[in-house]
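Q: the following comprises the amino acid sequence and a computationally predicted model.
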Amino acid sequence: MHRRTLRVGDMAKAKTDDAADAEQGAAAGVAQVPPVDSTLGYEQARDELIEVVRSLEAGGTTLEESLALWERGEALAKVCRRWLDGARARLDAALAEPSDEGGAERA
């Protein structure tokens, strides 16, 4: 067996070839899923994520379609995580603030 050693130039060419393959797939209409709008609200991103999971669990899609759905699901999960992290930070900040209720009762 011949073993090929990849060099930096080979890796750059492989990345270029991958990009060309992706463009050809896009031109052929293979598994195109619209990009995720990063301004989606939590509930909307969550609902879309649920639909992506249902589609993947139902099966009946090609490998390319499944991969595209998976990638969309990952992007939607990131949007949800960003919202949840922001909510956690707001709760932590609110809980860290001193309460004025105790001082108002004593006055």
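A: Perfect, I can see it now.
Q: quick check, residue 61 in contact with residue 69.
A: Yes - with contacts counted by C-beta atoms under 8 Å, residue 61 reaches residue 69, the gap being 6.9 Å. Glycine gets a C-beta too; all of them are placed from N, C-alpha and C.
Q: more neighbours, the two?
A: For residue 61 versus residue 69, the count of surrounding residues by other C-beta atoms under 10 Å is larger for residue 69: 18 against 14.
Q: name the residues of the helix or strand that contains the more buried one that are buried.
A: Using DSSP states H and E, residue 69 maps to helix 63-96. For helix 63-96, burial by neighbour count (16 or more other C-beta atoms under 10 Å) applies to 65, 68-69, 72-73, 75-77, 79-80, 83.
Q: so where's the protein shaky on pLDDT?
A: 1-33, 100-107 (pLDDT under 70).
Q: give me the residues contacting stretch 48-60.
A: 40, 61, 66, 69-70, 72-73, 76-77, 80 (C-beta atoms under 8 Å, 6 or more residues apart in numbering).
Q: can you list those in JSON lines and add distance to residue 46?
A: Shown next, in JSON lines, are the contacts of stretch 48-60 (distance: C-beta to C-beta, whole Å):
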{"residue": "40", "distance to residue 46": "9"}
{"residue": "61", "distance to residue 46": "21"}
{"residue": "66", "distance to residue 46": "21"}
{"residue": "69", "distance to residue 46": "16"}
{"residue": "70", "distance to residue 46": "17"}
{"residue": "72", "distance to residue 46": "13"}
{"residue": "73", "distance to residue 46": "11"}
{"residue": "76", "distance to residue 46": "8"}
{"residue": "77", "distance to residue 46": "9"}
{"residue": "80", "distance to residue 46": "6"}
